[in-house]
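> no FASTA, just this:
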């Protein structure tokens, strides 16, 4: 029997079509995502509105699976969990894993914006440190420099001091490693307490106040006991998006580029979301009786100077995997 070229071609097309139909589509890689703050916290909302939303535009390669926040993995254990690969991506203040990465403490006392930090080589330097000590890749540093700075939140108006700005002798303050140096320099008694335990600590008089970013106070109901929001504002956001490096390295180049682009979007745009949420939070706490009070005049200057001096002096005492002066040059503007 003679087979014509037309029939042969048609048969080949039919076989190819059958083969194409039977080949299974490659499933998207699922990435486990967790947040140090609860799902309804302002910082988490800002991440969902930027990073998660950006990633959801194309789920053909990777798909995020939010597995919960501190109710699933305590915030101070999330860094270690990500390092081991139990979580793929965490959104967390770096102070929660500063025990693993001492350099992380410098992010809070930096006065560089993320854009300046990337431009001067700080991102590349820190990314190497994160890889070495946390098995991590930095996806983004939340750009909340002007939108989510820190304040002291106090039950009572603090006393003034000509040398340190505030006299906190006899005052019990909730702390983290980020705040301890300057709180002690002002004379405070510091207590390490999880955010979830602060409400009860305020209620029972275990603490008289705390240092905390602007935003999230109303969410936790602390304004029932906090009556003064004490400025001038200090520090900046230490919240990073970080991914397990082993998991990242196993992804395709296209998937890696997608994640890094979404992380940069979070870095650049989450501040806008936070600003809107902070306005709502501030309106709520002010309506509930919280007063804004800035340390006045020369006392205010001494307050700000004490914070920077105490924390950078503490930072200089620690051991790092890279030269401290090099780190400092990437994190602190000259003349500061």
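Sure, I can see it. Because the structure is predicted, anything quoted here is derived from the model rather than measured.

> when you work out contacts or count neighbours from here on, use the C-alpha atoms and nothing else.
Noted.

> which residues touch residue 228?
By CA atoms under 8 Å, 6 or more residues apart in numbering, the contact set of residue 228 is 152-157, 290-293.

> how far away is it from residue 150?
13 Å (CA to CA, to the nearest Å).

> center of this protein, which residue is that?
Residue closest to the mean C-alpha point of the chain, counted by CA atoms, centre = their mean, is residue 239 at 1.2 Å.

> do I have it right that that one meets residue 92?
Yes: in terms of CA atoms under 8 Å, residue 239 counts as a neighbour of residue 92; the distance is 5.2 Å.

> which residues of the stretch 51-200 of the chain fall in strands?
Secondary structure of the stretch 51-200 of the chain (DSSP state E, counting those that start in this stretch): strands at 62-68, 89-93, 136-141, 150-154, 159-161, 165-167, 172-175, 189-192.

> switch these over to a markdown table; also include mean neighbour count and mean pLDDT.
Formatted as a markdown table, those follow (neighbours: other CA atoms under 10 Å; pLDDT from 0 to 100):
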| stretch | mean neighbour count | mean pLDDT |
| --- | --- | --- |
| strand 62-68 | 17 | 97 |
| strand 89-93 | 27 | 96 |
| strand 136-141 | 25 | 97 |
| strand 150-154 | 23 | 96 |
| strand 159-161 | 14 | 98 |
| strand 165-167 | 22 | 98 |
| strand 172-175 | 23 | 96 |
| strand 189-192 | 16 | 96 |
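
> right, and those - which one's nearest residue 78?
Closest to residue 78 of the strands of the stretch 51-200 of the chain, according to CA to CA: strand 89-93, at 7.1 Å.

> tell me what the closest one is packed against?
In this structure, strand 89-93 packs against strand 29-35, helix 78-83, strand 239-244, with contacts taken as 3 or more CA pairs under 8 Å, 6 or more residues apart in numbering; DSSP states H and E.

> one more pass at 10 Å, please.
Identification of packing neighbours for strand 89-93 by 3 or more CA pairs under 10 Å, 6 or more residues apart in numbering; DSSP states H and E yields strand 29-35, helix 42-47, strand 62-68, helix 78-83, helix 105-108, strand 136-141, strand 239-244, helix 245-250.

> what pairs with that strand, parallel or antiparallel?
Strands that pair with strand 89-93, judged by DSSP bridges, come out as strand 29-35 (parallel), strand 239-244 (antiparallel).

> out of the ones you listed, deepest packed?
Of all those, strand 239-244 has the most neighbours on average by mean count of other CA atoms under 10 Å, namely a mean of 26.

> before we move on, the earlier item: how about the strands paired with strand 89-93, which one is nearest residue 190?
Residue 190 sits nearest to strand 239-244 of all the strands paired with strand 89-93, at 22.4 Å, using CA to CA.

> the inter-axis angle of that closest one versus strand 136-141?
Orientation of strand 239-244 against strand 136-141 (axes from the mean of the first three to the mean of the last three CA atoms, to 10 degrees) gives an angle of 150 degrees.

> please renumber so the chain begins at 41
In the new count, where the first residue is 41, that last one comes out as strand 279-284.

> so for strand 279-284, what's the average pLDDT?
Strand 279-284 carries an average pLDDT of 96.

> for that strand, the distance to its chain's centre please.
Its chain's C-alpha centre lies 8 Å from the corresponding centre of strand 279-284 when counted by CA atoms, centre = their mean, to the nearest Å.

> quick check: buried residues in the longest helix along the chain?
Counting by DSSP state H, the longest helix found in the chain is helix 293-327. For helix 293-327, burial by neighbour count (16 or more other CA atoms under 10 Å) applies to 295-296, 298-311, 313-315, 317-318, 321-322, 324-326.

> residue ranges with poor pLDDT in the stretch 41-190 of the chain?
Within the stretch 41-190 of the chain, the ranges that satisfy pLDDT under 70 run 41-65, 185-188.

> at 80 instead, please
Along the stretch 41-190 of the chain, the parts satisfying pLDDT under 80 run over 41-66, 183-188.

> for the stretch 191-340 of the chain, same thing?
Filtered on pLDDT under 80, the stretch 191-340 of the chain yields no residues whatsoever.

> quick revisit: which among the contacts of residue 268 count as buried?
192-195, 330-331.

> which one of the residues you listed is nearest residue 342?
Closest to residue 342, out of all of the buried ones among the contacts of residue 268 and judged by CA to CA, is residue 192, at 15.1 Å.

> which strand or helix spans the spatially closest residue to that closest one that is not a sequence neighbour?
Here the nearest residue to residue 192 in space, its sequence neighbours aside, is residue 251; by CA to CA, 6 or more residues apart in numbering that works out to 4.4 Å. Using DSSP states H and E, residue 251 sits in strand 249-253.

> just to revisit the earlier point, how about JSON lines for the helices and strands packed on strand 129-133, with distance to residue 154 added?
Shown next, in JSON lines, are the helices and strands packed on strand 129-133 (distance: least, CA to CA, whole Å):
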{"stretch": "strand 69-75", "distance to residue 154": "20"}
{"stretch": "helix 82-87", "distance to residue 154": "16"}
{"stretch": "strand 102-108", "distance to residue 154": "24"}
{"stretch": "helix 118-123", "distance to residue 154": "21"}
{"stretch": "helix 145-148", "distance to residue 154": "10"}
{"stretch": "strand 176-181", "distance to residue 154": "6"}
{"stretch": "strand 279-284", "distance to residue 154": "11"}
{"stretch": "helix 285-290", "distance to residue 154": "21"}
